[in-house]
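model this:
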Amino acid sequence: MGSFDFAAMQAIQKELQAKYLDRWGGLGPEKGVQSLLWAVGEIGEVADILKKQGGAIMTDRETRRHFVEEFCDVMMYLNDLCLCYGVTPEEIETIYREKHRRNMQRW
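Coordinates of the predicted model:
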């Protein structure tokens with residue numbers, strides 16, 4: 001496997017969206033809220049695993065796989081949200097690093 005970064009995730013999402021364009025209708029600002037709501041739904045599924053099986057994430061292979069799979073669903077929908085508004089991996093990196101620097105100097 002090669003490098004897997006935010007750009008690779010967005011490329012995968014673009015490929016998936018292109019494959020199902022006729023069924024899903026593509027991505028654009030008009031689909032942003034929908035992508036966000038799907039992400040929130042998946043976050044609920046992640047929270048449910050944490051609530052019911054939290055400790056097992058570290059000790060049980062199947063629970064961990066299920067947790068990571070649901071977490072990946074969250075990431076997919078968040079990537080779709082970025083694609084809806086044309087947010088690039090470079091923008092994410094720049095702002096993320098800026099935010100990190102600010103947070104490091106907070107207290």
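
just the buried residues of stretch 17-25, please?
residue 17 (16 or more other C-beta atoms under 10 Å). Heads up, the C-betas are built off the backbone N, CA and C, glycines and all.

just say helix, strand or coil for residue 26.
State at residue 26, reduced to three classes by DSSP: H, G, I helix; E, B strand; the rest coil: coil.

quick one, helices of the chain?
Using DSSP state H, the helices of the chain run over residues 6-19, 21-24, 32-53, 61-84, 89-104.

and the angle from the first one to helix 61-84?
With axes from the mean of the first three to the mean of the last three C-alpha atoms, to 10 degrees defining the directions, helix 6-19 sits at 80 degrees from helix 61-84.

by how many degrees do helix 6-19 and helix 89-104 diverge?
Put simply, helix 6-19 runs at 140 degrees to helix 89-104, going by the same axes, to 10 degrees.

which one of the helices of the chain is the most hemmed in?
A comparison of the helices of the chain by mean neighbour count, using mean count of other C-beta atoms under 10 Å, puts helix 61-84 on top with a mean of 17.

now mean pLDDT too, for the helices of the chain, in TSV please.
Output for these, formatted as TSV (pLDDT from 0 to 100):
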stretch	mean pLDDT
helix 6-19	95
helix 21-24	96
helix 32-53	97
helix 61-84	97
helix 89-104	97
